[in-house]
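Q: Predicted model and sequence below, questions to follow.
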Amino acid sequence: MFAKTLVPVSREELRGRLRKIIADELGVESEEVLPETVIPKIRGADSICQLEATMAIEDEFDLEIPDTVLDQLQTLEDLTAYVATRLGILETSNDDATPI
């Protein structure tokens, strides 16, 4: 079986993919989802939309985000850091991160 998507090779690429998923699922423009944006406070972000966004992220990256962790992931940057850690994406000064 083939993987659905390629693993991002940098945090910046990962952040962009997460931003797009969140924007698509919450029905907002990508520009509204900034690294410091508090996701639950995005206009129109009800609990069902947030659940759908979480499921889309889990599906996209083939991982599970436990509810206890999800409650702590408030911003796009929080989510990026968590998913990057789970995928083994290192952060480097020039953002040329590679998987472990």
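A: Now that the structure is in, tell me what you want to look at. As the structure is a prediction and not an experimental result, all values here were calculated from the model.

Q: Next up, the contacts around the residue nearest to the spatial centre of the chain.
A: With distances taken as Cα atoms, centre = their mean, Leu18 lies nearest the centre of the chain, 3.5 Å away. Listed by Cβ atoms under 8 Å, 6 or more residues apart in numbering, the contact set of Leu18 reads 57, 76, 79-80, 83. The way it works is simple: take the backbone N, C-alpha and C, and place the C-beta from them, glycine included.

Q: which one among these gets closest to Val7?
A: Val83 (10.3 Å; Cβ to Cβ).

Q: Can you pull out the low-pLDDT segments for the chain?
A: 1-6, 92-100 (pLDDT under 70).

Q: For it, which segments count as helices?
A: 11-26, 47-61, 67-70, 76-87 (DSSP state H).

Q: what residues does the last one touch?
A: Judged by Cβ under 8 Å, 6+ apart, the contacts made with helix 76-87 from elsewhere in the structure are 7-8, 11, 14-15, 18-19, 22, 33-37, 39, 57, 61, 63, 65, 69, 72-73, 91, 97, 99.

Q: cool, and stretch 36-53?
A: 21-22, 25-28, 32-33, 73-77, 79.

Q: try 7 Å
A: 21-22, 25-28, 32-33, 74-77 (Cβ atoms under 7 Å, 6 or more residues apart in numbering).

Q: Show me which pair in those is furthest apart.
A: Gly27 and Glu77 (21.4 Å).

Q: okay, these two: which has more neighbours?
A: Counted by other Cβ atoms under 10 Å, Gly27 and Glu77 do not tie: Glu77 has more neighbours, with 16 against 11.

Q: quick one: that one from Val33, how far?
A: Counting by Cβ to Cβ, to the nearest Å, the gap from Glu77 to Val33 is 11 Å.

Q: and what of Ala23?
A: Here the criterion is Cβ to Cβ. By it, Ala23 lies 5 Å from Val33.

Q: Give me the buried subset of the contacts of stretch 36-53.
A: Neighbour-count burial (16 or more other Cβ atoms under 10 Å) applied to the contacts of stretch 36-53 gives 21-22, 25-26, 28, 33, 75-77.
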